[in-house]
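>>> Next comes the sequence, and after it the predicted model I'd like to discuss.
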Amino acid sequence: MKPFWEDEYLNKEKSTFGNPSKEVKEFVPYLKKDAKILDVGCGDGRHALYLASLGFQVDAFDLSKNAIEKIDYLKQKNNLNIHTWVCDVLDYPFRYSYDLIIVHGVLQFIDKTKQPQVIELLKKWTNVNGYHVIALFTDEEPIPDDLKDVMVGVFKNEEIKDYYINWKTLMFENKKFHDEHENGIKHLHAMNKLVVKKIG
């Protein structure tokens, strides 16, 4: 069964996952004006479109062709400069280092055995004094039935902190929340949010 968001991405006028997240908006003032940003698993662009509208250089990729087609439509409609690709994070061909990498709602879809290499690669391609903004699902709530086939790498609470021992933690949040989607699917999720800075 395909994930619910694939059909929702076909609606070009409504954001599947809502507005830009609070933690992304709050850390915009920390970025230099010419900051280069990578949005990993960008979905239909709630962060990429917002950051491009502020004038930042944004690269964004997602495994979903529907998601990237939607971003391409919206960036043309709003005259925004975003470089987009259809790509799996495991195959992403890094060419540049970034001042900010957003990994929002992505890591839990990566097999546990491959998560360390992905996170280390993202860290490697981050500039000194650059940031990671991360949100991921934890096992404090059961995986919803409709996501069990794709949510193969759910984290333990605070596990993500272990990957960033040598980075400066600016924000950490453990939360639970309900969400409901257009097709009537309802979820209860447990989530960790982390904002960290790479120090020299």
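Nice, I can see it.
>>> Sketch out the strands for the chain, chain order is fine.
36-40, 57-62, 82-86, 98-104, 126-137, 168-180, 186-197 (DSSP state E).
>>> Tell me which of those approaches T113 most closely.
Proximity to T113 (C-beta to C-beta) singles out strand 126-137 among these, at 16.3 Å. C-beta: built from backbone N, CA, C; applies to glycine.
>>> from the middle of its chain, how far away would that closest one be?
The chain centre lies 10 Å from the centre of strand 126-137; the measure is C-alpha atoms, centre = their mean, to the nearest Å.
>>> Which strand residues bridge the residue sitting nearest the centre point of the chain?
Centroid-nearest residue in the chain: H104, 2.4 Å away (criterion: C-alpha atoms, centre = their mean). Under the criterion DSSP bridges, H104 forms beta bridges with A135.
>>> right, and N129 touches K168 too?
No. N129 lies out of contact with K168 (C-beta atoms under 8 Å); the separation is 9.6 Å.
>>> shared neighbours of the two, anything?
Common neighbours of N129 and K168, counting by C-beta atoms under 8 Å, 6 or more residues apart in numbering, are K197, I199.
>>> could the strands of the chain be laid out in CSV, adding mean pLDDT and distance to V118?
What follows is these, written out as CSV (pLDDT from 0 to 100; distance: least, C-beta to C-beta, whole Å):
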stretch, mean pLDDT, distance to V118
strand 36-40, 98, 9
strand 57-62, 97, 13
strand 82-86, 97, 16
strand 98-104, 98, 9
strand 126-137, 97, 12
strand 168-180, 87, 20
strand 186-197, 88, 15
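>>> Make CSV out of those and add distance to S15.
Converted to CSV, the strands of the chain look like this (distance: least, C-beta to C-beta, whole Å):
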stretch, distance to S15
strand 36-40, 14
strand 57-62, 14
strand 82-86, 15
strand 98-104, 13
strand 126-137, 16
strand 168-180, 13
strand 186-197, 17
